[in-house]
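[1] any chance you could fold what I've pasted below:
(one chain, ligands or ions: 1)
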Amino acid sequence: MAAAEQGVDAARKEEEEEEEQVVNPWEVSAGKGGIDYDKLVDQFGCQRIDDALVGRIARLTGRPPHCFLRRGLFFAHRDLNELLDLYEKGEKFYLYTGRGPSSEALHLGHLIPFMFTKYLQEAFKVPLVIQLTDDEKFLWKNLTIQESKRLARENAKDIIACGFDIERTFIFSDFSFVGGAFYENMMQVARCVTMNKAIGIFGFNLEDHIGKVSFPPVQAVPSFPSSFPHLFAGKDQLRCLIPCAVDQDPYFRMTRDVAPRIGYQKPSLIESRFFPALQGENTKMSASDANSAIYVTDSAKEIKTKVNKYAFSGGQDSIELHRKLGANLDVDVPIKYLNFFLEDDDELAHIKKEYKEGRMLTGEVKQRLIAVLSEIVARHQRARSQVTEEMVDAFMAVRPLPNMFG
Ligand code: TRP
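    Sure, this is the predicted structure:
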């Protein structure tokens, strides 16, 4: 093939791949090689998290950076340096994250932003608001309002089980909390976003019901301190940092676009990769396919079966070949999971090296993973069983948080 033709071919191929990768709050589907995070950063216009920024966070907090940061799992941000400049000068901020309660049980992927947020809350000693978007799931899933609200409360227990400090944390459900100053902010945002813009950002079409179109302001306004007068009265310029998975970026692109026009600060963001399905990197775990994910309700036996049976292996087909060629770590799911959940850097590096060079077999790596996951899940189950209805009420009570910056 002539060189010029090859060039055309390559361009076409790239175009096709570009078409294949879809990442928005409702759909995550990758091209053949898995999600291209570099491309996402460019497409979305966020910034990469580099070693200097990780080092800066370590210095400012006086503790080692969380392994999600060290290992690039939280990989992108918006205006984090600016927020840290202010923090360095003694100006605090608050954290905002959330969950759409679409299923009874959370899977491990759901825990990641919460585990990370808990670290941020402790490390920076700042307050946190957690939004449960029961309204969103009512609009998008086939759920009744009653059922969405029930799921929000059930999910709140899993969130509380992650260990948040009740003195610094406010959890709210949209159906219960929206009103007052929060609603006023929603209307301010709504008036700034044209239909054209909403279609551009979220991909709505004219067959979508108008509930969907009206939802984005609900997820936008927890970024503004004035939405929470019981927490931040008189602190209208307080900065906000949002830890989330990168699929939520469209909401906050819209929020940041609108903020200065209504006299508010833009929220900063810190964004994670997706936690892959057991079957591989091509998509994120799905709450609707039980065999694609490890749930926080799984027994040790279920974890063992799922990992052994479904976790996609980068090992070779026969032992002889594996000893000779070693594993392909780029596609190996057990390694990806260990990357998230095995905290010991030295052990992780050792396993990677041995596996890659064929001295360690898939079965052995899976066995280590089963132990790591079982321990995390068992710990979560113990913590969740301690969460009472009264504790849920306490976290969700509309109240001032005494000493939240202390
Ligand atoms: N839309 C998110 C979901 O479906 C829930 C959510 C609301 C959220 N506010 C957020 C997630 C802020 C991250 C940060 O899970």
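[2] what number of residues lie near L143?
    Burial measure for L143: 17 neighbouring residues, criterion other Cβ atoms under 10 Å. Placement of C-beta: from N, CA and C, glycine included.
[3] now do the contacts for it.
    With contacts defined as Cβ atoms under 8 Å, 6 or more residues apart in numbering, the neighbours of L143 are 102, 137, 151.
[4] wait, is the last one part of a helix?
    Yes - membership of L151 in a helix is supported by DSSP: H, G, I helix; E, B strand; the rest coil.
[5] burial of it, as a residue count?
    L151 is flanked by 23 other residues according to other Cβ under 10 Å.
[6] spatially nearest residue to it, not counting backbone neighbours?
    In this structure, L151 finds its nearest non-sequential neighbour in P101, 3.9 Å apart by Cβ to Cβ, 6 or more residues apart in numbering.
[7] report the secondary structure element holding P243.
    Counting by DSSP states H and E, the element that carries P243 is strand 239-245.
[8] please name every helix or strand in contact with that strand.
    With contacts defined as 3 or more Cβ pairs under 8 Å, 6 or more residues apart in numbering; DSSP states H and E, the secondary structure elements packing on strand 239-245 are helix 80-88, strand 93-99, helix 108-124, strand 268-272.
[9] pull the contacting residues for K336.
    When contacts are counted by Cβ under 8 Å, 6+ apart, K336 touches 276, 281.
[10] contacting residues around the most centrally placed residue in the chain?
    In the chain, the residue lying closest to the centroid (Cα atoms, centre = their mean) is A245, at 3.0 Å. The neighbours of A245, taking Cβ under 8 Å, 6+ apart as the test, are 112-113, 271-274, 284.
[11] which parts of stretch 222-241 are buried?
    Under the neighbour-count criterion of 16 or more other Cβ atoms under 10 Å, stretch 222-241 has 222-228, 231-232, 238-241 buried.
[12] let me have those residues in CSV, adding pLDDT and distance to V126 as columns.
    What follows is the buried residues of stretch 222-241, written out as CSV (pLDDT from 0 to 100; distance: Cβ to Cβ, whole Å):
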residue, pLDDT, distance to V126
P222, 99, 14
S223, 98, 14
F224, 98, 16
P225, 98, 12
S226, 98, 17
S227, 98, 17
F228, 98, 14
L231, 98, 12
F232, 97, 12
L238, 98, 10
R239, 98, 10
C240, 98, 10
L241, 98, 8
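[13] now for the residues you listed: which two are most distant?
    Spanning the widest gap among these are S226 and L241, at 16.7 Å by Cβ to Cβ.
[14] quick check: residues of the stretch 201-350 of the chain near the ligand?
    Among all residues of the stretch 201-350 of the chain, those adjacent to the ligand (criterion: Cβ under 6 Å from any ligand atom) are 219, 242, 244, 248.
[15] from those residues, which is closest to the ligand?
    C244 (3.5 Å; Cβ to the nearest ligand atom).
[16] wait, the closest one sits on T97?
    Yes - taking contacts as Cβ atoms under 8 Å, C244 lies within contact range of T97: 6.1 Å.
[17] find the residues that touch each one of the two.
    Between them, C244 and T97 share the contacting residues P113, judged by Cβ under 8 Å, 6+ apart.
[18] all the helices of the stretch 151-300 of the chain, in order from the start?
    In order along the chain, the stretch 151-300 of the chain carries the following helices (DSSP state H, counting those that start in this stretch): 174-177, 180-192, 195-202, 210-214, 216-220, 229-232, 249-258, 300-310.
[19] quick one: which of these is nearest R368?
    helix 300-310 (10.1 Å).
[20] please compute how far the closest one lies from its chain's middle.
    Taking Cα atoms, centre = their mean, to the nearest Å, one finds the center of helix 300-310 at 24 Å from the center of the full chain.
[21] list the buried ones in that helix?
    In terms of neighbour count (16+ other Cβ under 10 Å), helix 300-310 has its buried residues at 303-304, 306-307, 310.
[22] would JSON lines of those with distance to G179 and pLDDT be doable?
    Below are these laid out as JSON lines (distance: Cβ to Cβ, whole Å; pLDDT from 0 to 100):
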{"residue": "I303", "distance to G179": "42", "pLDDT": "98"}
{"residue": "K304", "distance to G179": "47", "pLDDT": "98"}
{"residue": "K306", "distance to G179": "43", "pLDDT": "97"}
{"residue": "V307", "distance to G179": "45", "pLDDT": "97"}
{"residue": "Y310", "distance to G179": "45", "pLDDT": "95"}
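[23] related to what we said a few turns ago, just grab the bridge partners of the residue nearest to the centre of the chain for me.
    On the basis of DSSP bridges, A245 is bridged to S272.
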